[in-house]
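Student: Provided below for reference: sequence and predicted model.
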Amino acid sequence: MADDMFRAPIHHGMRALDRSQFAKTVPLTAARVFDNKNISAVRAELERSKDALQQDRLGSVHADPDPERAQAGTKCILLRPEAATGDSPASPHSPTVSSLVTRELISVIPFTLRLDYAYWTYHDIITALLPPSTHAEIPSGFSQVGHIAHLNLRAAYLAHKHLVAAVLLDKNPSVRTVINKTDDVGEANAFRTFKYEVLAGPDDLNVELSEENCLFRFDYSKVYWNSRLNTEHRRLVASFRAGEAVCDVMAGIGPFAVPAGKKHVFVWANDLNPDSYASLEDAVRRNKVAAYVKPFNQDGRSFIRTATAQLAQAEPHGVEILPAKAAKKEHRAAAATASSEPPASVTAPVLRTLLLPQPKVFAHYILNLPASALTFLPAFVGMYPPPLLPHLPPNNPAAFPMPLVHVYCFSTKSDDNVAEGAEICAEIGRMLGFEMWPGRVGEGEGEGGEGEGAVEVWDVRDVAPRKRMFCATFRVPREVAFRGVG
């Protein structure tokens with residue numbers, strides 16, 4: 001009974017949203033409390049006996065329906081409709097109510113509850129608007145990017161898209177614009193952008209959002225961003241260590257690079273899209289990580305090789321790991337206590353604690369372009385050619401650890417993803433010309449890993465009913481990195 005009484009009015013034929021049609025009156029009874037100092041005690045008794053109305057988003061205490069009593073501050077407590085008995089509204093409907101009436105704490109009165117469009121949820125309104133045949137999968141999921149709600153409506157709901165968007169806009173205060181994707185990501189161009197239509201609100205896709213305490217500003221129509229990858233961004237950045245160097249080959253606007261820079265990781269971040277590059281530069285400045293994050297706008301395949309060579313040959317670069325003021329204060333204190341030519345034992349410890357040197361080799365490479373990133377892997381074959389060897393620490397290529405590659409890709413999905421993992425490993429092996437297999441990646445052969453060729457396949461997220469995104473992590477085999485080196 002209560003479910004029917006509090007259900008939104010049905011308007012399956014409505015084409016343009018008319019919010020006034022969702023006004024509704026609900027006949028109830030209420031306990032008029034004679035003295036306001038008894039409201040809390042009376043309500044507690046009625047709630048214990050389950051006589052008080054308990055309805056989502058609706059409080060039980062209301063002003064008295066009599067205007068004069070309401071003006072005087074009299075309150076009443078709404079009673080659940082199923083409890084009413086007898087021929088008169090004044091009839092008590094439980095022993096608890098009877099006791100409260102007998103003790104002259106309350107009287108039972110009729111109460112007309114007025115509800116309107118603002119009371120009902122998005123799901124309530126949409127269910128009342130859309131035909132029953134569509135109720136099995138009401139469109140409720142959307143990606144929010146700043147003030148934008150991004151829908152991907154199925155064909156069955158396209159005829160109702162403006163109703164869906166209007167209600168969604170009303171029921172989500174942080175949303176100002178609702179759009180619907182009209183093609184697959186990457187169909188419009190190589191930059192993973194997509195075509196869209198504005199369903200509600202202004203055609204303004206310039207957004208500002210925060211992720212991992214980093215602020216990003218960008219035009220959502222010109223760059224790639226997926227808020228559902230926040231967990232993956234956090235997972236991978238958490239694996240980086242302060243002082244390591246990371247090569248982010250398809251960096252986008254910097255969801256990996258900028259948070260990594262904040263934890264004192266040196267990142268060379270590249271993206272082919274000029275708009276992504278511009279937003280990346282802005283994010284680097286805005287989040288004050290320019291000392292760690294270096295943006296590039298190049299082709300990813302060539303960037304893997306050029307960045308590797310340029311880092312190895314770069315002039316020494318260090319970053320103060322303490323705030324500038326604190327660093328200067330320590331330097332002044334050291335200078336005040338030292339002679340004009342202080343011994344190394346006095347000054348060296350201060351300098352070592354203040355500077356974090358940029359490495360000569362990357363510890364990680366990120367390839368986040370799932371549709372085609374695997375095809376970039378041949379760039380790692382012979383990544384350390386003979387002219388580069390003198391620049392590689394510690395002047396012994398056999399000694400330093402090989403970098404980890406984190407490459408994103410799409411595949412089918414199954415209950416255990418075993419077949420998908422094997423297929424991904426096989427494709428990585430074909431690209432590198434080296435046998436690869438599913439296994440645990442450690443620090444290197446003989447240090448907890450399963451040796452060269454091991455690939456860890458991480459299940460990232462569902463993309464479509466039969467499509468899933470994965471991250472395959474492997475250490476570049478030494479034979480691959482130095483192939484062709486005598």
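Tutor: Received, thanks.

Student: Just the pLDDT for the closest residue to residue 172 other than its chain neighbours.
Tutor: Using Cβ to Cβ, 6 or more residues apart in numbering and skipping residues adjacent in sequence, the residue nearest residue 172 is residue 149, 6.5 Å away. Glycine gets a C-beta too; all of them are placed from N, C-alpha and C. Looking at residue 149, its pLDDT is 95.

Student: quick one: the helices in the protein?
Tutor: 2-5, 39-48, 67-71, 95-102, 122-129, 161-171, 230-238, 257-262, 274-286, 300-313, 324-337, 344-354, 418-432, 478-481 (DSSP state H).

Student: how far is the second one from where the chain is centred?
Tutor: Centroid separation between helix 39-48 and its chain, computed with Cα atoms, centre = their mean, to the nearest Å, is 42 Å.

Student: Likewise for the third one?
Tutor: In terms of Cα atoms, centre = their mean, the centre of helix 67-71 is set 50 Å apart from its chain centre.

Student: Can you list the low-confidence ranges for this structure?
Tutor: Within the chain, the ranges that satisfy pLDDT under 70 run 1-2, 82-93, 184-189, 322-354, 395-398, 443-451, 485-486.

Student: circling back: what's across from the residue nearest to residue 172 in the sheet?
Tutor: residue 144, residue 178 (DSSP bridges).

Student: List the contacts of it.
Tutor: Residues near residue 149 by Cβ atoms under 8 Å, 6 or more residues apart in numbering: 142, 143, 165, 168, 169, 172, 175, 177, 178, 179.

Student: my guess is residue 290 meets residue 282, correct?
Tutor: No: look at residue 290 against residue 282 with Cβ atoms under 8 Å: they stay out of range, at 11.3 Å.

Student: what about the two, which has more around it?
Tutor: residue 282 (17 against 12; other Cβ atoms under 10 Å).

Student: ok, that one touching residue 215?
Tutor: No: with contacts counted by Cβ under 8 Å, residue 282 stays clear of residue 215, the gap being 9.4 Å.

Student: Closest one to residue 385 out of the contacts of residue 149, please.
Tutor: residue 143 (42.9 Å; Cβ to Cβ).

Student: Can you report how many residues lie near the closest one?
Tutor: So residue 143, with other Cβ under 10 Å, has 14 neighbours.

Student: What separation do you get for it and residue 320?
Tutor: Per Cβ to Cβ, to the nearest Å, residue 143 is found 39 Å from residue 320.

Student: What residues does the residue nearest to residue 478 when sequence neighbours are not counted make contact with?
Tutor: Nearest residue to residue 478 in three dimensions, chain neighbours excluded: residue 402, at 5.8 Å (Cβ to Cβ, 6+ apart). By Cβ under 8 Å, 6+ apart, the residues touching residue 402 are 444, 475, 476, 477, 478, 481.

Student: how close does the closest residue to the fourth one other than its chain neighbours sit to residue 150?
Tutor: It refers to residue 477. Leaving aside its chain neighbours, residue 477 sits nearest to residue 452 (4.2 Å; criterion: Cβ to Cβ, 6+ apart). Residue 452 sits 42 Å away from residue 150, going by Cβ to Cβ.

Student: how about residue 415, what does it touch?
Tutor: With Cβ under 8 Å, 6+ apart, residue 415 has no contacts at all.

Student: Angles on the backbone of it, please.
Tutor: phi -60, psi -40 (degrees, to the nearest 10).

Student: any idea how far residue 74 is from residue 410?
Tutor: When residue 74 is compared with residue 410 (using Cβ to Cβ), they lie 65 Å apart.

Student: try residue 211
Tutor: 23 Å.

Student: Repeat that for residue 6.
Tutor: 44 Å.

Student: which residues does residue 48 contact?
Tutor: Per Cβ under 8 Å, 6+ apart, neighbours of residue 48: residue 96.

Student: The residue nearest to residue 477 against residue 478, yeah?
Tutor: Yes: using Cβ under 8 Å, residue 452 is in contact with residue 478, at 6.5 Å.

Student: just the CA coordinates of stretch 313-320, formatted as PDB?
Tutor: This file holds the C-alpha atoms of stretch 313-320, laid out as PDB (Å, rounded to 0.1, in the frame of the first residue of the first chain):
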ATOM      1  CA  GLN A 313      73.000  11.600 -22.300                       C
ATOM      2  CA  ALA A 314      71.300  14.400 -20.400                       C
ATOM      3  CA  GLU A 315      73.300  16.800 -18.200                       C
ATOM      4  CA  PRO A 316      73.100  15.900 -14.500                       C
ATOM      5  CA  HIS A 317      69.800  17.100 -13.100                       C
ATOM      6  CA  GLY A 318      68.900  17.200  -9.400                       C
ATOM      7  CA  VAL A 319      65.800  18.400  -7.500                       C
ATOM      8  CA  GLU A 320      65.800  19.800  -4.000                       C
END
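
Student: And the contacts of that stretch?
Tutor: So stretch 313-320 is in contact with 264, 291, 292, 327, 354, 355, 356, 357, 358, 360, 388, 391, going by Cβ under 8 Å, 6+ apart.
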